[in-house]
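Trainee: Take a look and give me a structure for this.
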Amino acid sequence: MKTLKLILTILIAVIALIGLILYIMILTDNSTGNGMIIAGEVLVIVTSAIALFFGIKNLATNPQALKKTLISLAVFAIIAILSYVAASDVIPKNLGDDIQVTATESKYVGTGIYMFYFLAAIAILSMIGFGIKKTLNK
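Mentor: Next up, the predicted model:
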């Protein structure tokens, strides 16, 4: 664990140094900021990889967490399937001539909208339910 902490500390220091160099380059007008965009993309990729690694490591060492994760993924998949079935593939008439949308794209957009509705409803009902439960338990 100490080795991992040392590696991550060195990685943070290197990233901070790169950020400082790019910041100085922007201040001196040697660069228009393109390097900062690349640095941001690299940081997002590195951070995502680290988070994914530790998440998988935690799931591998904790079977109960793996079971809960699989149940959550199954519920999410069911919501996605219900959203896809509920979505229409009819192309709206009021898009104008500039936008070309296929029936499949329209169905995917509808699926995303329905998923948002389902997940928002679940979140709101959960907040209300837990609020009522907390009030009744006092």
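Trainee: Let me see the backbone angles for the spatially most central residue of the chain.
Mentor: By Cα atoms, centre = their mean, the chain has its centre lying nearest to Ser48, at 9.8 Å. Dihedral pair for Ser48: phi -60, psi -40, per degrees, to the nearest 10.
Trainee: what number of residues lie near Pro63?
Mentor: 9 (other Cβ atoms under 10 Å). Any C-beta I mention is one placed from the backbone N, CA and C, and that applies to glycine too.
Trainee: quick one: contacts for Ile79?
Mentor: Met115, Phe118, Leu119 (Cβ atoms under 8 Å, 6 or more residues apart in numbering).
Trainee: at 10 Å what do you get?
Mentor: Contacts for Ile79 (Cβ atoms under 10 Å, 6 or more residues apart in numbering) come out as Tyr114, Met115, Phe118, Leu119, Ile122.
Trainee: And Thr9, by the same measure?
Mentor: Applying Cβ under 10 Å, 6+ apart, no residues contact Thr9.
Trainee: element containing it?
Mentor: helix 2-27 (DSSP states H and E).
Trainee: Go through that helix and flag the buried ones.
Mentor: Ile18, Leu22, Met25 (16 or more other Cβ atoms under 10 Å).
Trainee: ok now it, how far from the chain's centre?
Mentor: Here helix 2-27 is found 24 Å from its chain centre; the criterion is Cα atoms, centre = their mean, to the nearest Å.
Trainee: so for it, what's the average pLDDT?
Mentor: Per-residue pLDDT values over helix 2-27 give a mean of 80.
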